[in-house]
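Participant: build me a model from this:
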Amino acid sequence: MKVLKKSPLKSPPSERQTMKKASVISVGITPFFYLSCWRLWICSILENRTPGDIDRIQQLCPYWLINFANCLFVLHLIGGYQVYSQPLFAVVDKWLTDQFPRSSFVNRNYTVKLPSVPALSLNLERLCFRTAYVASTTGVAMIFPYFNQVLGVLGTINFWPLSIYFPVEMWLRQKNIGPWTTKWILFRSFGILCFLLNMFILAGSIQGIMAARFS
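Facilitator: Numbering: from 1, shown residues only. Model prediction:
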């Protein structure tokens, strides 16, 4: 009697490898979106006007450039939702799974097969919650007064510590970079420069809120 040996299942890549690859791709793509949108602001800067809404400068730039910039913003925000909202989605999914372990609405995945598209795994709870989350945040952004200025303040508060300070500190500690070496000076100078720019943008955002509030 011939016994077939079962081959072990291949384990998925570690989170460190996955996140490293995702970070490299996102950091590489993000400057492309910003540089592409930067071309649009040249028109308003030359006119000494820099409104927060792209649609307000349609008379200064061609319509194809406006539409192209809007598409870039849509793609950028789709990626931003995936990155910054994943911790919230994970917490909600885990809490609902613990509270309703036998609910098929929460725990069951459905396979959806569309023509010429790979099979998709669909979870009704995730579909409903994430759709409601995106719709609600979009609604708040639409009705919130001077939203651009408030978003600027929140962005500057999160940007420097999460994107500059902590990653630089962790890299210096991980690589055992000694004080006053060339790399240490370069990374410290980079962090200080970003901090000063961040404070400049924060002051401008606060000034914009005050001007919008009392105008």
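Participant: going forward, measure contacts and count neighbours with C-alpha atoms only.
Facilitator: Noted.
Participant: got the contact list for P101?
Facilitator: N107 (C-alpha atoms under 8 Å, 6 or more residues apart in numbering).
Participant: for P101, give me phi and psi.
Facilitator: Note on P101: its backbone torsions stand at phi -70, psi -20 [degrees, to the nearest 10].
Participant: kindly state the pLDDT recorded for it?
Facilitator: pLDDT, the model's per-residue confidence, is 86 for P101.
Participant: how near is it to C128?
Facilitator: 18 Å (C-alpha to C-alpha, to the nearest Å).
Participant: try R102
Facilitator: R102 is 18 Å from C128, by C-alpha to C-alpha.
Participant: now S104
Facilitator: Where C128 is concerned, S104 sits at a distance of 14 Å (C-alpha to C-alpha).
Participant: does N176 sit in a helix, a strand or a coil?
Facilitator: coil (DSSP: H, G, I helix; E, B strand; the rest coil).
Participant: now for it, how many residues are close by?
Facilitator: If you count neighbours by other C-alpha atoms under 10 Å, N176 ends up with 10.
Participant: do I192 as well
Facilitator: 15.
Participant: three-state assignment of it?
Facilitator: Classified using three-state DSSP, I192 is helix.
Participant: what about it, distance to D93?
Facilitator: 39 Å.
Participant: and what of F100?
Facilitator: 10 Å.
Participant: more neighbours, these two?
Facilitator: Taking other C-alpha under 10 Å, F100 and D93 do not tie; D93 has more neighbours (17 against 13).
Participant: figure out the helix or strand that that one lives in.
Facilitator: Assigned by DSSP states H and E, D93 belongs to helix 86-99.
Participant: swap in L122?
Facilitator: For L122, the host element (DSSP H and E) is strand 120-123.
Participant: go through that strand and flag the buried ones.
Facilitator: N123 (16 or more other C-alpha atoms under 10 Å).
Participant: I figured F105 hits L124, correct?
Facilitator: Yes. F105 is within contact range of L124, at 5.8 Å (criterion: C-alpha atoms under 8 Å).
Participant: quick one: which of those two has more around it?
Facilitator: Between F105 and L124, counted using other C-alpha under 10 Å, the more crowded position is L124 (15 against 12).
Participant: list the contacts for the more buried one?
Facilitator: Taking C-alpha under 8 Å, 6+ apart, we find L124 in contact with 105-106, 108-109.
Participant: from the residues you listed, which land in strands?
Facilitator: Using DSSP state E, the subset of the contacts of L124 located in strands is N109.
Participant: which of the contacts of L124 tops the neighbour count?
Facilitator: The most crowded member of the contacts of L124, judged by other C-alpha under 10 Å, is V106 (19 neighbours).
Participant: where's it relative to N198, distance?
Facilitator: In terms of C-alpha to C-alpha, V106 sits 42 Å off from N198.
Participant: where do the strands of this protein begin and end?
Facilitator: Using DSSP E, strands in the chain cover 109-112, 120-123.
Participant: among those, which is nearest S85?
Facilitator: Checking those against S85 by C-alpha to C-alpha gives strand 120-123 as the closest, at 17.2 Å.
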